[in-house]
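Enquirer: This is a predicted model, with the sequence first.
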Amino acid sequence: MEKPLSKNEFMKAEKPDLSGNIRATLADPTLDRFSGDDEQFIKFHGIYQQDDRDKRKTGKEYSVMVRTRQTGGIVPAAQYLVYDHLSSKFANGTLRITSRQTFQFHGVLQKGIGPLIKSINEALSSTLATCGDVNRNVTAPSNPPMDDIGIAVDEDAFAITRALLPRTTAYHSIWVDGVQVDLGLGEKIAKARTAVDQANPYMPPPADSDESGAPVDPLYGKTYLPRKFKTGFAIPPNNDTDIFTNDMGFVAIIENGKLVGYNLLVGGGLGTSHGNKLTYPRLADVIGFLTREQVVAVGSAVIAIHRDWGDRTDRKHARIKYVLQEKGVEWFRQELAQRLGAPLPAAKPFLFKGQGDAFGWFKQADGLWFLGLFVETGRVKDQGDYKLKTALRTIAEKFGPTFRLTATQNLILSDIKEADKAAIEKELHSHGASIVFNPGLIKGRGMACPALPTCGLALAESERIFPAFLAKLEAGQAAAGIANEELVVRMTGCPNGCARPYNAEIGLVGKAPGKYNVMLGGNREGTRLARTWKEAVLADDITAGIAELFKQYAKERKAGQAFGDWANEANIWTAPTSQG
């Protein structure tokens, strides 16, 4: 007996333009939230409905999170200034850099959603398909291109972005044509449009039509994908996009100083569900080699395989990683070959030597400079004497650098003249943001998801407690005589793994209020999964336990051995235990 399709499949089939009842809800001034199927439909438009969980005892206060699309994390200064303005007018005054090189606006009220998204599109970005059962934001190396290779990779990332955008007509009619608003942003919008060369790179081509004249997406069809899909690019030896964690990855292959093509990776994904053995984190398999000219055709074919073979009966088991795991890599290669008309050649050798962002000043190939900045938990904000948001706004207005969001939730300011370096440093220091230059090798490599109070999936804290947690780990390192050593630590409030804890040296996954599963043994290259060390550990007990491991590590490690590599081999593994 075949399992029934999930509810979401019927919902998408009934409204393939993804319109739902969004227009009616927006038009009703008495409504403060979306309800029913619309909570799912709005995700395709880049919107997540949330409520402040700190205030639930006195009643739910609804708002939404809105996510932009920024291929490779690239944000021209003029576009950034629009975002800065919008975050204060319609959100909670902050911008949050995500682990997929986008911005999120938090705390947006119902009446502000339309004007916010309209303005984002006017500034030549988009929120289309940054959530939902589609290909989401495409990640790419965040450092500015140092040569023709980097430029070509950026071009290919934008090409696959455009090819995989859903062609829904509802997004444009609801948020672009359907919103008439004057926010006094005329000059800012005009500058943003000029910076992006007057054409929105995130506007999809027109949809096809069926026999009745209704629009149909030629790639996604009427029911889109079984679940979300993530795509990234990387240039060895730096795995700064964590390429093996993507559903689909393109690893640049360079021969004799030229980009000859990519190795295709398929089947990564980290989200799990506690207690569900059918779900698990998985790193991608290397499938084969393709030329630059094949990127769009191969990417579209991989999407089509997920569309046709992904599990539409169980959304927790619907990612393409389960297709690869259960049907096998060879099956996938043959299926891909059938759709392409020929098999891909064997993959070419490549090697990653590390990942993570560099902080401070670096010279670009064109003689300009870029500045790597640490942004704690990705949150661009003003708080007390720390006024990073004001500093960045001032820098954008005065010097016009390109903003580049990293996949580790940090920020690069690029295309800076040497004569402006001292003035930019002065702006950051004078606004209390000195830490952005030298955060140390734990803070600078760490990531945490937003979790409480806004994320409805969070089982435990993450962003709010992460800085204090890292400080305790730093104290543990110092007590073990290994102060200031690099360490990749990541924390999430639930098992979905948005901050990628499953391949960190130390990963923490929220299990219950105040309790976490502790993962150890991932590596700095991002090519190995961590393993569960202990389950449901009280947060206060985790740092004490790891401090003892630091002492053991300091005594036993080989010369130059990273903590994650030592933990993977050390005699520390027993059956996972619960504490507290």
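Expert: Received the coordinates, thanks. Here the structure is a predicted model, which is why all the values come from computation and not from measurement.
Enquirer: my read: G522 touches L529, true?
Expert: Yes - counting by Cβ atoms under 8 Å, G522 does reach L529; the two are 6.2 Å apart. (C-beta placed from N, C-alpha, C; glycine too.)
Enquirer: Okay, strands next: where are they in the stretch 351-500 of the chain?
Expert: Ranges of strands within the stretch 351-500 of the chain are 360-363, 369-373, 379-380, 382-383, 386-387, 402-405, 411-416, 447-448, 489-492, based on DSSP state E, counting those that start in this stretch.
Enquirer: Would you confirm that L344 contacts A297?
Expert: No - judged on Cβ under 8 Å, L344 makes no contact with A297 at a distance of 10.9 Å.
Enquirer: Dihedrals phi and psi, G288?
Expert: phi 170, psi -170 (degrees, to the nearest 10).
Enquirer: Would you mind naming the residues that bridge with it?
Expert: Applying DSSP bridges to G288 yields these beta-bridge partners: L264.
Enquirer: tally of neighbours for it?
Expert: Using other Cβ atoms under 10 Å, G288 has 19 other residues around it.
Enquirer: ok now do it, which residues does it touch?
Expert: Contacts for G288 (Cβ atoms under 8 Å, 6 or more residues apart in numbering) come out as 263-264, 333, 343-347.
Enquirer: What about the residues you listed, which are in helices?
Expert: R333 (DSSP state H).
Enquirer: Domain map for this protein?
Expert: 7-340, 360-439, 444-578 (automatic domain parsing).
Enquirer: Could you say which one of the ones you listed comes nearest to K353?
Expert: Distance to K353, taken as Cβ to Cβ, is lowest for domain 7-340 among the domains of the chain, at 4.0 Å.
Enquirer: Which residues are in contact with each of G522 and L529?
Expert: In terms of Cβ under 8 Å, 6+ apart, G522 and L529 are both contacted by the residues 502-503.
Enquirer: picking that back up, need the contacts of G288 in a markdown table with distance to R319, can you?
Expert: Listed next are the contacts of G288 as a markdown table, based on distance: Cβ to Cβ, whole Å:
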| residue | distance to R319 |
| --- | --- |
| N263 | 21 |
| L264 | 17 |
| R333 | 19 |
| P343 | 24 |
| L344 | 22 |
| P345 | 27 |
| A346 | 26 |
| A347 | 22 |
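Enquirer: And the contacts of G288, which two are furthest apart?
Expert: Greatest spacing in the contacts of G288, by Cβ to Cβ: N263 and P343 (14.3 Å).
Enquirer: out of the two, which sits in the busier spot?
Expert: Of the pair N263 and P343, N263 is the one with more neighbours under other Cβ under 10 Å, namely 23 against 13.
Enquirer: which residues does the more buried one contact?
Expert: When contacts are counted by Cβ under 8 Å, 6+ apart, N263 is found next to 250-251, 253, 286-290, 347-348, 350.
Enquirer: that older thread, to K551, which of the strands of the stretch 351-500 of the chain lies closest?
Expert: Smallest distance to K551 across the strands of the stretch 351-500 of the chain (Cβ to Cβ): 17.6 Å, for strand 489-492.
Enquirer: okay, now F244: neighbour count?
Expert: When neighbours are counted by other Cβ under 10 Å, F244 registers 26.
Enquirer: Enumerate every residue touching the closest residue to it other than its chain neighbours.
Expert: Nearest residue to F244 in three dimensions, chain neighbours excluded: L283, at 4.2 Å (Cβ to Cβ, 6 or more residues apart in numbering). Counting by Cβ under 8 Å, 6+ apart, L283 touches 244-245, 267-268, 503, 527-529.
Enquirer: just P166 next, same as before
Expert: Contacts of P166 by Cβ under 8 Å, 6+ apart are 18, 44, 128-129, 134, 204, 217, 219-220, 224.
Enquirer: Just the buried residues of those.
Expert: 18, 44, 128-129, 134, 204, 217, 219-220, 224 (16 or more other Cβ atoms under 10 Å).
Enquirer: Could I get those residues in TSV, plus columns for pLDDT?
Expert: Formatted as TSV, the buried ones among the contacts of P166 follow (pLDDT from 0 to 100):
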residue	pLDDT
L18	94
F44	98
L128	97
A129	97
V134	98
P204	88
D217	92
L219	96
Y220	96
Y224	97
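Enquirer: Could I get those in TSV, plus columns for secondary structure?
Expert: Output for those, formatted as TSV (DSSP: H, G, I helix; E, B strand; the rest coil):
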residue	secondary structure
L18	coil
F44	helix
L128	coil
A129	coil
V134	coil
P204	coil
D217	strand
L219	coil
Y220	coil
Y224	coil
